[in-house]
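Asks: my questions are about this predicted structure, shown below with the sequence.
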Amino acid sequence: MGIPRIEPLIGVANGVNVNFETTYEYRPGTVRVFINGLLSRQGDLDGWSEVGFRRIRLNEAPRDCDTVSAYYVIA
């Protein structure tokens, strides 16, 4: 059983960047992304996708005033 973690994602929220990373490798399928504290749904037009084992790609770039965080289980 992996260790659950919630943290701000590594990356710049600037209205352009859509690539963010977790501190540790995650177990695929365990990631939940939050934009400004609200759950973002994977696959939605304004959602996100898992890329590899540490990277999250958002479908829409967050603005510089937005916070991006994730819950995941460490692989």
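Replies: Great, that's in hand. Because the structure is predicted, anything quoted here is derived from the model rather than measured. Numbering: from 1, shown residues only.
Asks: when you work out contacts or count neighbours from here on, use the C-alpha atoms and nothing else.
Replies: Fine.
Asks: from what I see, Phe34 and Ser69 are in contact.
Replies: Yes: Phe34 is within contact range of Ser69, at 5.2 Å (criterion: C-alpha atoms under 8 Å).
Asks: how about the strands in this protein?
Replies: 4-8, 19-21, 32-35, 38-40, 48-51, 55-58, 68-73 (DSSP state E).
Asks: mind listing what's buried in the third one?
Replies: Okay, so that is strand 32-35. In terms of neighbour count (16 or more other C-alpha atoms under 10 Å), strand 32-35 has its buried residues at Arg32, Val33, Phe34.
Asks: so for the last one, what's the pLDDT?
Replies: When you say that, I think you mean Phe34. Looking at Phe34, its pLDDT reads 98.
Asks: also Leu9?
Replies: 98.
Asks: now Asp66
Replies: So Asp66 comes in at 98 (pLDDT).
Asks: before we move on, what about Leu45?
Replies: 86.
Asks: likewise for Thr30?
Replies: 97.
Asks: and the gap between the nearest residue in space to it that is not next to it in sequence and Val16?
Replies: Nearest non-adjacent residue to Thr30, counting by C-alpha to C-alpha, 6 or more residues apart in numbering: Tyr72, 5.2 Å away. Noted for Tyr72: a distance of 24 Å to Val16, by C-alpha to C-alpha, to the nearest Å.
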